[in-house]
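> The following comprises the amino acid sequence and a computationally predicted model.
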Amino acid sequence: MVAHQDWSALRAAETERMLAACTRCGACFEACPMIPYAPDARGTDAKAAVIGVLDVLSGGAGDAASRNWISVCTRSGSCNAACPEAVNPMLMLRLAKWQAQEGGVIPRRDAAETMSRVKVFARLSFSEKEQGEWL
């Protein structure tokens, strides 16, 4: 139980730090390689997208573009290098995703369903020996 409390405190502290440090410049959004795969985020003003993510991070609903950006983040880290304030946008998006899933703003993913699909595709490319070792 102590670890959970420590995680909650760390998460709250990082959220507050990010909210205070972010200048909402949009550089992280502009550097994100996943925007082409986020239909609701394409063509969105970068500053508006960041403001939406910060709203989600604060417990709000954000807008469709920010929720879509949060959902497609693969944690490439391209955003971190672009951030002039060292906010760590990669972590910001991850924390926003947890907040959005916990608040019902975006649906949670069911890992059990995903893993069965991974195994199906793996069986197509793995040899019998590899299947025995890995699946």
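Looks like it came in fine.
> drop to CA atoms for contacts and neighbour counts, all remaining ones
Noted.
> mind giving me the domain ranges of the chain?
What automatic domain parsing lists as the domains of the chain is 2-104, 110-135.
> And the first one, how far out from the chain middle?
Looking back up the chat, that one is domain 2-104. Its chain's C-alpha centre and that of domain 2-104 lie 7 Å apart, by C-alpha atoms, centre = their mean, to the nearest Å.
> Can you spell out which helices and strands pack onto the longest helix anywhere in the chain?
Counting by DSSP state H, the longest helix found in the chain is helix 2-21. Where contact means 3 or more C-alpha pairs under 8 Å, 6 or more residues apart in numbering; DSSP states H and E, helix 2-21 is packed against helix 89-102.
> isn't S71 right next to Q99, touching?
No. Proximity of S71 to Q99 does not meet the contact threshold set by C-alpha atoms under 8 Å, at 11.8 Å.
> what about the nearest residue to P36 once chain neighbours are set aside, how many residues close to it?
Residue nearest to P36 in three dimensions, not counting chain neighbours: R42, with 6.2 Å by C-alpha to C-alpha, 6 or more residues apart in numbering. As a burial measure, R42 scores 15 neighbours (other C-alpha atoms under 10 Å).
> residue ranges with poor pLDDT in the chain?
Within the chain, the ranges that satisfy pLDDT under 70 run 1-5, 110-115, 117, 121, 135.
> Kindly recompute the last result at 50.
Filtered on pLDDT under 50, the chain yields the residue ranges 1.
> which residues in this protein form strands?
In the chain, no strands are defined using DSSP state E.
> residue boundaries of the helices in it?
Under the criterion DSSP H, the chain contains helices at 2-21, 27-31, 46-57, 64-72, 78-82, 89-102, 111-125, 128-134.
> Which one of those lies nearest to Y37?
Nearest to Y37 among the helices of the chain is helix 64-72 (7.2 Å), distances taken as C-alpha to C-alpha.
> For V120, give me its contacts.
Contact partners of V120, counting by C-alpha atoms under 8 Å, 6 or more residues apart in numbering, are absent.
> coming back round to it: between the helices of the chain, which one is closest to A38.
Per C-alpha to C-alpha, nearest to A38 of the helices of the chain: helix 64-72, 5.7 Å.
> now that closest one and helix 89-102, what's the angle there?
Angle between the axes of helix 64-72 and helix 89-102 is 100 degrees (criterion: axes from the mean of the first three to the mean of the last three C-alpha atoms, to 10 degrees).
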